[in-house]
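Undergrad: heads up, no residue letters with this:
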């Protein structure tokens, strides 16, 4: 009888060890599969994220007043027509890049939107200081001067935030 009990206890111990070993193996295999899936996802999403950050930087460069005013001003315009074209260009550039928010962090996107809004505000503020029928060159000068006097430009802040996040991806 004791032999039967010892045999049963031995079988139960072996079964318990086998069950624990199988459970640990399955847990390890599941963790390995999750890591493998994450690597595959990163292989796909990392290039998309980097491209989105690049596009945001290009957007910020294109709406930077020193670049924007030179590109948009045709010389013979009035203040009112240049203001309208500047705002339209900013809006078009933003709409063209709005999908990038899917791939950048919410914090970075807030910086990009704030930069856009600040540039729009700068254009409108400078425009309001001039008569709408004045020559556009006066508005161009005023915008560039006002932008140069900003201690830290909103586009520079947004680019700095983006660079910090891209550095974290590596």
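TA: Noted; the coordinates are in hand. Please read all numbers here as calculations on a predicted model, not as lab measurements. Numbering: from 1, shown residues only.
Undergrad: Against residue 169, how distant is the closest residue to residue 61 other than its chain neighbours?
TA: Excluding the flanking residues, the one nearest residue 61 by C-beta to C-beta, 6 or more residues apart in numbering is residue 67, at 6.0 Å. Using the backbone N, CA and C atoms, a C-beta is placed for each residue, glycine as well. From residue 67 across to residue 169, the span is 26 Å (C-beta to C-beta, to the nearest Å).
Undergrad: Over to residue 54?
TA: As judged by C-beta to C-beta, residue 54 and residue 169 stand 12 Å apart.
Undergrad: Between the two, which is the more surrounded one?
TA: residue 54 (13 against 10; other C-beta atoms under 10 Å).
Undergrad: about what we covered before: measure how buried the residue nearest to residue 61 is and give me the count.
TA: Residues near residue 67, counting by other C-beta under 10 Å: 13.
Undergrad: Next secondary structure element downstream of whatever helix or strand it lives in?
TA: Per DSSP states H and E: residue 67 is located in helix 65-72. Remark: after helix 65-72, the chain's next helix or strand is helix 79-97, criterion DSSP H and E.
Undergrad: elements contacting that following helix?
TA: Applying 3 or more C-beta pairs under 8 Å, 6 or more residues apart in numbering; DSSP states H and E, one finds that helix 79-97 contacts helix 2-63, helix 65-72, helix 106-128, helix 136-148.
Undergrad: Return the helix or strand in the chain with minimum mean pLDDT.
TA: The least trusted helix or strand in the chain, going by mean pLDDT, DSSP states H and E, turns out to be helix 2-63, with a mean of 82.
Undergrad: How far off centre is stretch 119-129?
TA: The chain centroid and the centroid of stretch 119-129 are separated by 26 Å under C-alpha atoms, centre = their mean, to the nearest Å.
Undergrad: What are the buried residues along it?
TA: Along stretch 119-129, these residues count as buried under the neighbour rule (16 or more other C-beta atoms under 10 Å): 119-120, 122-123, 126-127.
Undergrad: hmm, what's the outermost residue in this structure?
TA: Relative to the mean C-alpha coordinate of the chain, counting by C-alpha atoms, centre = their mean, the farthest residue is residue 1 (73.7 Å).
Undergrad: I'd like to know how far that one sits from residue 7.
TA: Going from residue 1 to residue 7 by C-beta to C-beta gives 11 Å.
Undergrad: Same check on residue 138?
TA: Taken as C-beta to C-beta, the span from residue 138 to residue 7 is 102 Å.
Undergrad: the more surrounded of those two?
TA: Higher neighbour count among residue 138 and residue 7: residue 138, with 16 against 10, using other C-beta under 10 Å.
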